[in-house]
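Undergrad: The following comprises the amino acid sequence and a computationally predicted model.
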Amino acid sequence: MTWAKELEELRHREELAEQMGGPDKVARQHGRGKMDARARLAALVDDGSFREIGKIAGNATYDENGDLVSVVPAPFLFGKATINGRPVVATADDFTIRGGAADAGIKRKMVQAEQMAHELKLPIIKMIDGTGGGGSVKTLEQIGATYIPAVPGWGDTVKNLDTVPVVALALGPTAGLGAARIAASHYSIMVRGLSQIFAAGPAVVDGLGESYKGSTDHQQAKEDLGGSDIHTRNGVVDDEVGSEAEAFARARHFLSFMPEHVGQLARRSNCTDPVNRKEEALLSLVPREDKQVYSMRRCMEMVFDQGTVFEIGKMWGRAAITALARLDGWPVAVVASDPSFLGGSWDAKTSEKVERFVKLADQFRLPIVHLVDNPGFMIGREAEMAGTIRYGVQAMNAIYKATVPLASIVLRRAYGIAGSAMSNADLYQYRFCWPSGDWGSLPIAGGLEVAYKSELEAADDPEVLLQEIKERLGKVTSPFRSAERFNVEDIIDPRDTRPLLCEFADLAWRKLQSE
């Protein structure tokens, strides 16, 4: 006697699960320009590597004889897979079933996915499309009572943020718990025009009598309330892309820099870029005129292993560039001033971005390279109203608390409290300065006329005296004067930046491997 009959039923139930919400709803999903959940899982992970868990879970109906009639699958899929040959937990909401909301066994499935990640120390990727919650106004009538909300397994979500890399992809309109799941990640992506994020959608906001009044066009209303133009600029989401395929590619790329869990070190890649490559263009990168800008991203491309710079959060906190990159194959975290935005001055959002990124680097044990051209924290009434100094100090605290090796390259300016936030001055300073270096407690242009006010007022020709003072101070502020007193460790030829940073990376990873 065999179990052929039961295996036949198993195959039948698996076929029902693969139908998802049914042909019509799957077609509607595709008609919106969206992939279905199963296609997304196949496209995200290595070919053929996905092993689904709980495939046949769902809401079943039976006839009067107790025989199966149909199954509505749970709108949450998860399983074990590999990405870049390394094991992960991959999950996907199925919008074709109740818009991705809770149904059948979804609560335990979602909890099990989170638990699998931290208990087996596996990165988790969440493809979120829908509310991801379990309630609606109609649900209350069906239950016959209301309840104080709770999110089953949220403690496991928090634990994952402390233990494994968490990636969230917003692949459709996401509200409530779906929006919260996106924010609870180390790296998040939206697809422009396809995904939106909100605590509550346009209809709910309008229904509560709030001031927001969306467009009469439903899709436009969702974009106006929670599109990528909003959330990639306020820091809720790290990046936006143009297609789902690009979102999958960026998720895979991000994970290539990460270890599989806290306590494991990230992997070195094969490097074909010469360590001693010296770019002539670095010599003329920083202009002599202090108010002229230059491209810090161009500097990064010339200094780090070619083709490895992976910028994160490009559209928000724009006075600082945050990126993952490689030096001689070693992964590093990069913080770089962007003099083309606010002159490189850190505002509140920039400081928040730097703080988050430095904490990420420290958590996953990635050495930090800081490319510095910072005239200080942003000043002015708007900066004060935004609480810039508080956010700036929090970024400074994150840098001082970080225990991974940090190297800084001062390309030009380092002024004030922000200048002191570039590295931990209480520790060994692995630091190099370019001849274009310009630093101090405050920019001379901002304090010169105040400091010499009485002399200038008494002078026969204040303009001549002012020019003489500027020339004297120009000599005093030479970076070589600082180097004489060992206030800066080394002034280097800018063309030597890559070889020296590769040396740092080798030493930094030697230290990390000995911990």
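TA: On my side now, so go ahead. Residues are numbered from 1 along each chain as shown.

Undergrad: C-alpha from now on. contacts and neighbour counts both.
TA: Will do.

Undergrad: Tell me which helix or strand Lys34 sits in.
TA: In this structure, Lys34 sits in neither a helix nor a strand according to DSSP states H and E.

Undergrad: Can you list the low-confidence ranges for this protein?
TA: Where the chain drops to pLDDT under 70, the residues are 102-105, 132-140, 200-218, 440-453, 456-457, 464-466, 468-471, 473-475.

Undergrad: quick check: longest helix of it.
TA: Under DSSP state H, the helix in the chain containing the largest number of residues is helix 497-514.

Undergrad: who's in contact with the nearest residue to Ser420 once chain neighbours are set aside?
TA: Setting aside the residues directly before and after it, Ser420 is nearest to Ala414 in space (C-alpha to C-alpha, 6 or more residues apart in numbering), at 7.5 Å. Taking C-alpha atoms under 8 Å, 6 or more residues apart in numbering as the criterion, Ala414 is in contact with 372-376, 420, 422, 438-440.

Undergrad: ok but Ala414 is inside a helix, no?
TA: No - read with DSSP: H, G, I helix; E, B strand; the rest coil, Ala414 is strand and lies in no helix.

Undergrad: ranges for the strands of the stretch 301-450 of the chain?
TA: Assigned by DSSP state E, counting those that start in this stretch, the strands in the stretch 301-450 of the chain fall at 310-312, 320-327, 330-337, 368-374, 406-415, 430-433, 438-440.

Undergrad: so what does the first one touch, helix or strand wise?
TA: Just to be clear, that refers to strand 310-312. If you count contacts as 3 or more C-alpha pairs under 8 Å, 6 or more residues apart in numbering; DSSP states H and E, strand 310-312 packs onto strand 320-327.

Undergrad: Show me what counts as buried in the strand it packs on.
TA: Across strand 320-327, burial judged by 16 or more other C-alpha atoms under 10 Å covers 320-327.

Undergrad: Adding distance to Arg277, write the residues you listed out as a markdown table.
TA: Formatted as a markdown table, the buried residues of strand 320-327 follow (distance: C-alpha to C-alpha, whole Å):
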| residue | distance to Arg277 |
| --- | --- |
| Ala320 | 26 |
| Ile321 | 23 |
| Thr322 | 23 |
| Ala323 | 21 |
| Leu324 | 20 |
| Ala325 | 16 |
| Arg326 | 14 |
| Leu327 | 12 |
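
Undergrad: For the closest residue to Ala395 other than its chain neighbours, give me its contacts.
TA: Nearest non-adjacent residue to Ala395, counting by C-alpha to C-alpha, 6+ apart: Glu355, 4.2 Å away. Applying C-alpha under 8 Å, 6+ apart to Glu355 gives the contacts 394-396, 398-399.

Undergrad: what about 7 Å?
TA: 394-395, 398 (C-alpha atoms under 7 Å, 6 or more residues apart in numbering).

Undergrad: can I get these in CSV with neighbour count and distance to Glu515?
TA: Formatted as CSV, these follow (neighbours: other C-alpha atoms under 10 Å; distance: C-alpha to C-alpha, whole Å):
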residue, neighbour count, distance to Glu515
Gln394, 18, 27
Ala395, 27, 25
Ala398, 20, 21
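
Undergrad: Among the residues you listed, which lie within helices?
TA: Secondary structure assignment by DSSP H places 394-395, 398 of the contacts of Glu355 in helices.

Undergrad: which one of these sits closest to Ala90?
TA: Nearest to Ala90 out of these is Ala398 (C-alpha to C-alpha; 30.8 Å).

Undergrad: The closest one touches Arg356, doesn't it?
TA: No - judged on C-alpha atoms under 7 Å, Ala398 makes no contact with Arg356 at a distance of 8.2 Å.

Undergrad: Report how many residues lie close to the closest residue to Arg181 other than its chain neighbours.
TA: Among residues not flanking Arg181 along the chain, Ala168 sits closest, at 7.5 Å (C-alpha to C-alpha, 6+ apart). The number of residues packed around Ala168, counting by other C-alpha atoms under 10 Å, is 25.

Undergrad: hey, what's Ala168 bridged with?
TA: Lys126, Ser188 (DSSP bridges).

Undergrad: and it, what does it touch?
TA: 125-127, 182, 185, 187-189.

Undergrad: quick one, phi/psi of Asn276?
TA: When read as degrees, to the nearest 10, the backbone of Asn276 gives phi -90, psi 20.

Undergrad: which residues in the stretch 101-250 of the chain form helices?
TA: Along the stretch 101-250 of the chain, counting by DSSP state H, counting those that start in this stretch, helices occupy 106-119, 137-143, 154-163, 177-183, 202-207, 218-226, 228-231, 244-257.

Undergrad: Include distance to Arg495 when you put these into CSV, please.
TA: Below are these laid out as CSV (distance: least, C-alpha to C-alpha, whole Å):
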stretch, distance to Arg495
helix 106-119, 44
helix 137-143, 64
helix 154-163, 39
helix 177-183, 40
helix 202-207, 54
helix 218-226, 45
helix 228-231, 38
helix 244-257, 26
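
Undergrad: Those helices: which one's closest to Val404?
TA: Of all the helices of the stretch 101-250 of the chain, helix 244-257 comes closest under C-alpha to C-alpha, at 15.5 Å.

Undergrad: burial of the residue nearest to Leu265 when sequence neighbours are not counted, as a residue count?
TA: With sequence-adjacent residues excluded and distances taken as C-alpha to C-alpha, 6+ apart, Leu265 is closest to Pro259, at 5.3 Å. For Pro259, the neighbour count with other C-alpha under 10 Å is 20.

Undergrad: what are the bridge partners for Val335, then?
TA: Beta-bridge partners recorded for Val335 (DSSP bridges): Thr322, His370.

Undergrad: In contact with Val393, which residues?
TA: Neighbour list for Val393: empty [criterion: C-alpha under 7 Å, 6+ apart].

Undergrad: give me that answer again for 10 Å
TA: If a contact means C-alpha atoms under 10 Å, 6 or more residues apart in numbering, then Val393 has 351-352, 355, 377, 399, 417-418, 421 as its contacts.

Undergrad: So what sits opposite the residue nearest to Ser420 in the bridge?
TA: So, taking DSSP bridges as the rule, Ala414 has Asn374, Trp439 as bridge partners.

Undergrad: Quick check: the residue nearest to Met396 when sequence neighbours are not counted vs Thr322, distance?
TA: Take Met396 and drop its neighbours on the chain: the residue closest to it by C-alpha to C-alpha, 6+ apart is Ala421, 4.7 Å away. To Thr322, Ala421 is 16 Å away according to C-alpha to C-alpha, to the nearest Å.

Undergrad: where's Gly193 relative to Gly226, distance?
TA: For Gly193, the distance to Gly226 - C-alpha to C-alpha - is 10 Å.

Undergrad: Can you check which residues contact both of the two?
TA: What both Gly193 and Gly226 touch, as defined by C-alpha under 10 Å, 6+ apart, is the set 173, 220.

Undergrad: Provide the secondary structure category for the nearest residue in space to Gln513 that is not next to it in sequence.
TA: If you skip the residues right next to it in sequence, Gln513 has Leu265 as its closest partner in space, 7.7 Å away by C-alpha to C-alpha, 6+ apart. Of the three states, Leu265 takes coil under three-state DSSP.

Undergrad: give me every residue that touches Leu265.
TA: By C-alpha under 10 Å, 6+ apart, the residues touching Leu265 are 257-259, 364-366, 509, 512-513.

Undergrad: is it true that Val191 touches Ala170?
TA: Yes - Val191 lies in contact with Ala170 (C-alpha atoms under 10 Å); the separation is 6.9 Å.

Undergrad: which neighbours do those two share?
TA: With C-alpha under 10 Å, 6+ apart as the test, Val191 and Ala170 both reach 228, 240, 244, 247.

Undergrad: Just name the closest of those residues to Cys433, please.
TA: Glu240 (34.5 Å).
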